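>>> Fold the following.
(one chain, ligands or ions: 2)
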Amino acid sequence: AFDTELQSDNAPGATADGHTIDLLANIGTAADAVRAAAYTDGRLVAGSGLFRTEVLFLDAPKAPTVEQQKGEYAKVLTAFEGRKVVVRTLDAGADKPLAFATQPDEENPALGVRGFRSARLHPELLTDQLAALAQAAADTGTKPWVMAPMVATPAEARDFAEQARDYGLEQVGVMIEVPSAALRARAILAEVDFVSIGSNDLAQYTMATDRLRGELSDLLDAWQPAVLDLIAATASAGRELGKPVGVCGESAADPLMALVLTGLGVTSLSMSVGSVPAVRFSLRRHTFAQCEAIAHAALAAQSPDEARSSVIALLDPEV
Ligand code: PEP
Ligand code: MG
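Ligands and ions are numbered 1, 2, ... in the order given. This is a model prediction of the structure:
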């Protein structure tokens, strides 16, 4: 059924009753963008929900110029030809060190000067990037969405939004990947046009579990009730304010979790491109009301295992 569905149906991501969910690709380079945009002849991927711009500069000894950045961003915008592209500003951190931005001797780098906080020490890194994006938008005629990583407070969201709008960028958002941001999602959403939940870091910070430690993966699980609660709170704030809430962490690629997220009111899912067909298939087998019931069951569970099994019990038998 799966292959026939893929070949015969050009419809974008949606539930069985037509509630649409943008299915987007996570990318890090222009080559990723070209590959994702061409995937299944461009039928299944509605754009990019996470362009990790730091990936472009992992080997750069010094900060890239506005001109260099503009060229790379223009290639990505051109590859998607008017489809949605959510560009994330630099997220330098312990796991993604940038020679020109990462603080060398931090004792707890995951809790240190990373993501949007880097602009405290290097304000020009952020303003150069916003300038380059605005120029790439003007050159290509495609308007990107732009978001900041590791935002913890509504004041930071406002600061970022003001700076981005000063450069003429129109769709401005932040990532929700710190528990404080999820808890205050309504106040943050009041400052921006959209948010995107980074479930990898949200799980890391909610569960106090280093995402680089494989042996703790049972704790680092987006199905943990506490993580699901924060995702639900964020999605509910989005519904209340009528603003888009995406998910761009690994959990968006989980076909079961995709049903939960849809039922909670998440509006887009961004993932590695190869995961899109399975997520799309799972969504198309369930109505929005079924997704809501599935989300309800997941939130009622007391453990990740119970959450998964209560969702599996509600699945359409064909999945
Ligand atoms: C996340 O934290 O979930 C996320 C999407 O960002 P990254 O994995 O790049 O930190
Ligand atoms: Mg993150």
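>>> Quick check: chain neighbours aside, which residue is closest to the residue in the stretch 51-200 of the chain positioned nearest to ligand 2?
Taking Cβ to the ion, ligand 2 has its nearest neighbour within the stretch 51-200 of the chain at Gly198, 3.9 Å off. For glycine as for every other residue, the C-beta is placed from the backbone atoms N, C-alpha and C. Closest residue in space to Gly198, ignoring its immediate chain neighbours: Glu177 at 3.3 Å, by Cβ to Cβ, 6 or more residues apart in numbering.
>>> And for that neighbour, the neighbour number?
Glu177: 28 surrounding residues under other Cβ atoms under 10 Å.
>>> ok, now Pro277?
18.
>>> and what of Asp95?
Asp95: 15 neighbours (other Cβ under 10 Å).
>>> Same check on Pro123?
Pro123 has 11 nearby residues by other Cβ under 10 Å.
>>> Run through who's touching the helix or strand where Thr78 lies.
For Thr78, the enclosing helix or strand under DSSP states H and E is helix 66-80. With contacts defined as Cβ atoms under 8 Å, 6 or more residues apart in numbering, helix 66-80 is touched by 27, 29-30, 33-34, 36-37, 47-48, 51, 53, 56, 85, 87, 128-129, 131-133, 135-137, 139-140, 142, 144.
>>> repeat for stretch 161-169
Contacts of stretch 161-169 (Cβ under 8 Å, 6+ apart): 126-127, 130-131, 133-134, 137, 143-144, 146, 172, 174, 191-192.
>>> Can you classify Arg165 by secondary structure?
helix (DSSP: H, G, I helix; E, B strand; the rest coil).
>>> Quick check, pLDDT for it.
On pLDDT, Arg165 comes in at 98.
>>> repeat for Val273
Per the predicted model, pLDDT is 96 at Val273.
>>> Verify the contact between it and Val45 for me.
Yes: counting by Cβ atoms under 8 Å, Val273 touches Val45, with 6.3 Å between them.
>>> which neighbours do those two share?
With Cβ under 8 Å, 6+ apart, Val273 and Val45 have common neighbours 25, 36, 39.
>>> okay, now the last one: neighbour count?
When you say that, I think you mean Tyr39. Tyr39: 16 neighbours (other Cβ under 10 Å).
>>> Correct me if wrong: it contacts Val276.
Yes: the pair Tyr39 and Val276 passes the contact test of Cβ under 8 Å, sitting 7.2 Å apart.
>>> quick one on the thing from earlier: more crowded one of Val273 and Val45?
Comparing Val273 with Val45 by other Cβ under 10 Å, the one with more neighbours is Val45, at 26 against 23.
>>> just to revisit the earlier point, now for the residue of the stretch 51-200 of the chain closest to ligand 2: which residues touch it?
149, 175-177, 248-249.
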